[in-house]
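Enquirer: make a model of this:
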Amino acid sequence: MISYEPLFQTMAEKGITSYRLQKMGFNRATYYAMKCGKSVSTNTIAHLCKLLECRVEDVMEYVEEEKDTSE
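Expert: Model (predicted):
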C-alpha cells in the first residue's frame, strides 16, 4: 500500500501546516483524503512536490501490507 507519512514528516521539517499548504494552492479536501490514506493522482503528487520543493519519496512511500496469518 502507499503511505503518505513522508509527506507529513516533510511538512513538519519545513514548518508547513495544512493551512499554509492550502494557502499555497493545495486543495484542503485532497490533503485530508491523503491523511485518511486515500489514493490520489500522480498530478496531485507532482503538485505537492512543486509546492514543497521536494522529491516524490518525500511525499509517499510503498509499504508492504502485513499478511493475514489467522488462516
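Enquirer: use CA for all of it now, contacts and neighbours both
Expert: Fine.
Enquirer: buried set for whichever helix or strand Leu21 is part of?
Expert: In the assignment (DSSP states H and E), Leu21 maps to helix 18-23. Buried residues in helix 18-23, defined by neighbour count with 16 or more other CA atoms under 10 Å: Leu21.
Enquirer: was I right to think Arg55 contacts Cys49?
Expert: Yes. Judged on CA atoms under 8 Å, Arg55 makes contact with Cys49 at a distance of 5.8 Å.
Enquirer: more neighbours, those two?
Expert: Legend: neighbour count by other CA atoms under 10 Å for Arg55 and Cys49, higher for Cys49 (17 against 13).
Enquirer: what average pLDDT does the helix or strand containing the more buried one get?
Expert: Assessed by DSSP H and E, Cys49 sits inside helix 42-52. Averaging pLDDT along helix 42-52 yields 98.
Enquirer: and the gap between Leu7 and Leu52?
Expert: The gap separating Leu7 from Leu52 is 9 Å, by CA to CA, to the nearest Å.
Enquirer: the two: who's more crowded?
Expert: Set Leu7 next to Leu52 and count neighbours by other CA under 10 Å: Leu7 wins out with 23 against 18.
Enquirer: element containing the more buried one?
Expert: Take DSSP H and E as the rule and Leu7 turns out to sit in helix 5-14.
Enquirer: buried stuff in that helix?
Expert: For helix 5-14, by 16+ other CA under 10 Å, it's Glu5, Leu7, Phe8, Thr10, Met11.
Enquirer: for the residues you listed, which one is nearest Tyr62?
Expert: Taking CA to CA as the measure, Tyr62 lies nearest Glu5 of the buried residues of helix 5-14, at 10.3 Å.
Enquirer: excluding its backbone neighbours, what's nearest that closest one?
Expert: Using CA to CA, 6 or more residues apart in numbering and skipping residues adjacent in sequence, the residue nearest Glu5 is Met60, 6.6 Å away.
Enquirer: hmm, that neighbour is touching Leu7, no?
Expert: Yes. With contact defined as CA under 8 Å, Met60 counts as touching Leu7 (6.3 Å).
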